[in-house]
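> would you be able to build a 3D model of this:
(one chain, ligands or ions: 1)
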Amino acid sequence: MTFHDLWQFLVALIESLNIYVLLPILVVLIGCRIVKAGLFVWVTAWALAVYLTLRYGFVIAIPASVLSLYMGIVFLTLLTYVVSSRERWISFSRPLLRLMVEKKYQPLLVLVLVTLPLAAGARVYLSMTLPIQPPLFTRTVHPAPPSEPITVHDQEFDLNAVVNPFRELEESDLEQFQTHVENGRRVYYQNCFYCHGDDMLGDGLFAHGLNPIPTNFRDTGTIAMFQEGFLFWRIAKGGPGMPDEGGPWESAMPAWEKFLSVEEIWDVILFLYDYTEQRPRELEEHGE
Ligand code: HEC
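Residues are numbered from 1 along each chain as shown. Predicted coordinates for the structure are as follows:
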């Protein structure tokens, strides 16, 4: 180790110390020396000095478990020192004895006897009553759909590429298209309006008891923002199929794949857009 290394080590050490805590501690210890304090005062001063140094004397906090370990060692050491000779024990315990038996110290004794249990109680109370804080997670109302294909009724659907198979009928065969929309209406009023409402405002009969509340499809910030594949996923897999970011609350949206056929799901999607006079977001052409 060169002199330079040593110097750097010292600088780092000093920088890691909290001088404004350590200096007063040093002053008090020197003060005890000057007034020739008794053993009881010394022992108390040392225990406090070590505790305050470990607790506040360093820039970086020391873990509480390490602190209590060190303090345990310090108490054992001080105890060993005090009881290792009769004279020491007597000079250590004299102030305590006087506090207990001398009449003039009686008020102080009462004070100590009241404060000690109070302080212990307050400590426990404070450590048990931590302020209630909101949980650290937030909920994504429209979580990203899974990138893996999903399986509905044994068919695989790649959500990045899937289109509503009946959407093109809008151009090619309007009559056929209307039949699918009508079927979607039936599906909606048999299954969905209890929650999403007669008028798709998200205010159905059950809506009041639900958190999160059912989606208001009239709101232009909902289905108009999505491709039909997104709705297909959400309707087929429901609340139980939500990824974690959709939490922390359980959504009551049922997984409709258990009750509806693939065709019925596509039909009800057509109906959602038709009824609210909105258009789904088109699939983007990726120039890859
Ligand atoms: C038991 C109540 C309930 C019923 C019945 C219900 N939903 Fe929902 N739905 C919800 C709730 C609550 C949400 C909002 C939470 C969520 O996204 O899961 C939701 C969300 C949705 C979404 C997601 C919208 C978005 O913007 O992310 C779609 C799509 C949807 N429902 C369609 C339907 C369809 C179609 C039906 C009928 C086949 C239906 N729901 C029946 C409760 C219900």
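> ok, residue 266 - contacts?
By CB atoms under 8 Å, 6 or more residues apart in numbering, residue 266 lies in contact with 164, 165, 166, 180, 228, 232. The way it works is simple: take the backbone N, C-alpha and C, and place the C-beta from them, glycine included.
> any idea which element the nearest residue to the second one once chain neighbours are set aside lies in?
This points to residue 165. Among residues not flanking residue 165 along the chain, residue 266 sits closest, at 6.2 Å (CB to CB, 6 or more residues apart in numbering). Using DSSP states H and E, residue 266 sits within helix 262-276.
> output that helix as CSV, restricted to C-alpha atoms.
The C-alpha coordinates for helix 262-276 follow below in CSV (Å, rounded to 0.1, in the frame of the first residue of the first chain):
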residue,chain,number,x,y,z
VAL,A,262,-66.4,-17.3,-32.4
GLU,A,263,-69.0,-16.0,-34.9
GLU,A,264,-71.2,-14.6,-32.2
ILE,A,265,-68.2,-12.7,-30.7
TRP,A,266,-67.4,-11.2,-34.1
ASP,A,267,-71.0,-10.3,-34.6
VAL,A,268,-71.4,-8.5,-31.3
ILE,A,269,-68.3,-6.6,-32.1
LEU,A,270,-69.9,-5.4,-35.4
PHE,A,271,-73.0,-4.4,-33.4
LEU,A,272,-70.9,-2.4,-30.8
TYR,A,273,-69.5,-0.3,-33.6
ASP,A,274,-72.7,-0.1,-35.6
TYR,A,275,-74.8,1.0,-32.6
THR,A,276,-72.4,3.6,-31.4
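> start at 9 instead
Got it, first residue is 9 now, which makes that one helix 270-284.
> list the buried residues for it?
270, 272-284 (16 or more other CB atoms under 10 Å).
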